[in-house]
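Undergrad: For reference, the sequence and a predicted model appear below.
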Amino acid sequence: MPKSTPANLEAILLEGIEITPNCLGVINSDKEVIYCNQHFASIFGTTVQNATGKKSADLLRNAWETKQGVIINTDNFEQWLANLHKLHSDKALNQYETDLTDGRWFKMTRINLDSGNTIIMGVDITELKNAQKALEDAHQHIESLVNTDQLTGVHNRRSYHQLAKHEFARAMRFNQPLSLLVIDIDYFKTINDNFGHVSGDEILKEFAQVCNGLLRQSDSLSRIGGEEFTAVLPMTDHDGAMLIAERIRAKVAKHLFYITQSEQHLTLTISIGSSSLIERDTSMKDLFNRADKALYCAKRGGRNQVQQAQIC
Ligand SMILES: Nc1nc2c(ncn2[C@@H]2O[C@H](COP(=O)(O)OP(=O)(O)OP(=O)(O)O)[C@@H](O)[C@H]2O)c(=O)[nH]1
């Protein structure tokens, strides 16, 4: 014998709905809230008493005006509401996520019944969202660790290869100029020999800072070897690249690098090879090889200078 529905089923359900952390509301065909629990009312930043009998549009407008409850990012509320109605009237069942000013998230299910009434249920997914955000942050952190040179904080060799590939493809696609500087500190071995490896590391860090301070936001400085760096310069032709390279060379030559251990300042010089994109280039390797050869010329030419790549 099937058990008969208890006479007090409605009371049992209502009791459960009041206790649950989820939200539930019923809206009639005149778009008025005819029943809701406390969490449903909190979506509009109000109480059950206040929400009951009110038009859902007025409740949303109140939430937008008072910045309480559901987060509504718009300058034009009426337009936003019209779009929402269009979105919700089409289908019998809609599901969406919504976040509140108090940090909670709900996964909402909206059911349009044939009677013209609408049932709206929301499951609290705040913990899930927080876990998702923590995972995304951790992923971003790992990504940045993997791509960052731990000593200087600039891009590492791995990251250089990625961004060089990306910038090369972009320059080719949009027919834009692109330049590359290969920068090497002169006689760095002597610095290590005279002041020790720790001080050498300190110099490398400061050097990267000085260099980065002279580049644009869109440029990327990478440490690709011990005391060897590259600067990828998008939207920069060879004249522009030579100008930037010379600016870096001159600034570094004048800069006083501080050595903490011996509490003294020291000066150093750099050599730079510069190359720019030409029609026959097939990858960033072509630019790198030319800039590297130019760097070799700068070293042979006496160091503390910038050399432009020869095209032959
Ligand atoms: N402190 C420190 N030194 C490094 C690091 N990586 C490489 N080096 C040192 O950098 C020096 C590079 O020396 P060389 O390649 O002979 O070049 P150089 O002395 O700069 O001479 P030129 O480039 O010809 O002007 C070596 O002494 C390496 O040990 C690092 O991470 N930290």
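TA: Structure received.

Undergrad: how much space between the residue in the stretch 1-150 of the chain that the ligand sits nearest to and Cys36?
TA: Residue nearest to the ligand within the stretch 1-150 of the chain: Asp149 (9.2 Å; Cβ to the nearest ligand atom). Any C-beta I mention is one placed from the backbone N, CA and C, and that applies to glycine too. Applying Cβ to Cβ, to the nearest Å, the value for Asp149 to Cys36 is 56 Å.

Undergrad: The two: which is more packed in?
TA: Applying other Cβ atoms under 10 Å to Asp149 and Cys36 shows that Cys36 carries more neighbours, namely 26 against 21.

Undergrad: Run a quick neighbour tally on the residue of the stretch 201-312 of the chain found nearest the ligand.
TA: Proximity of the stretch 201-312 of the chain to the ligand (Cβ to the nearest ligand atom) peaks at Gly226, 2.2 Å away. Using other Cβ under 10 Å, Gly226 has 12 other residues around it.

Undergrad: How is it assigned, secondary-structure-wise?
TA: Here Gly226 is coil, with the state taken from DSSP: H, G, I helix; E, B strand; the rest coil.

Undergrad: Against Met284, how distant is Ala231?
TA: According to Cβ to Cβ, Ala231 stands 13 Å off from Met284.

Undergrad: Look at the two and report which has more neighbours.
TA: Between Ala231 and Met284, counting by other Cβ under 10 Å, Ala231 is the more crowded of the two (27 against 24).

Undergrad: Now that one: closest residue in space, sequence neighbours ignored.
TA: Leu181 (4.2 Å; Cβ to Cβ, 6 or more residues apart in numbering).

Undergrad: Give me the distance between the residue nearest to Asn28 when sequence neighbours are not counted and Ser89.
TA: Nearest non-adjacent residue to Asn28, counting by Cβ to Cβ, 6+ apart: Ile34, 5.0 Å away. As judged by Cβ to Cβ, Ile34 and Ser89 stand 19 Å apart.

Undergrad: tell me, how many neighbours does the nearest residue to Gln176 once chain neighbours are set aside end up with?
TA: Leaving aside its sequence neighbours, Gln176 sits nearest to Met235 (Cβ to Cβ, 6+ apart; 5.6 Å). A count of nearby residues for Met235, using other Cβ under 10 Å, gives 16.

Undergrad: swap in Leu214?
TA: Neighbours around Leu214, by other Cβ under 10 Å: 16.

Undergrad: Please apply the same query to Met172.
TA: The burial count for Met172: 15, using other Cβ under 10 Å.

Undergrad: Tell me the secondary structure at it.
TA: Look at Met172: counting by three-state DSSP, its state is helix.

Undergrad: just checking, Gly225 touches Tyr160?
TA: No - using Cβ atoms under 8 Å as the test, Gly225 is too far from Tyr160 to be in contact (10.3 Å).

Undergrad: For those two, indicate the residue with more neighbours.
TA: More neighbours surround Tyr160 than the other of Gly225 and Tyr160, with 25 against 11 (other Cβ under 10 Å).

Undergrad: And the nearest residue to Val33 once chain neighbours are set aside, how close does it get to Ile119?
TA: The spatially closest residue to Val33, leaving aside those adjacent along the chain, is Ala51, at 5.1 Å (Cβ to Cβ, 6+ apart). Using Cβ to Cβ, we find Ala51 at a distance of 15 Å from Ile119.

Undergrad: neighbour-wise, which of those two wins?
TA: Ala51 (25 against 14).

Undergrad: Contacts only, for the more buried one.
TA: Counting by Cβ atoms under 8 Å, 6 or more residues apart in numbering, Ala51 touches 25, 33, 36, 40-41, 44, 59.

Undergrad: got it, and Ala253?
TA: 267-270, 304.
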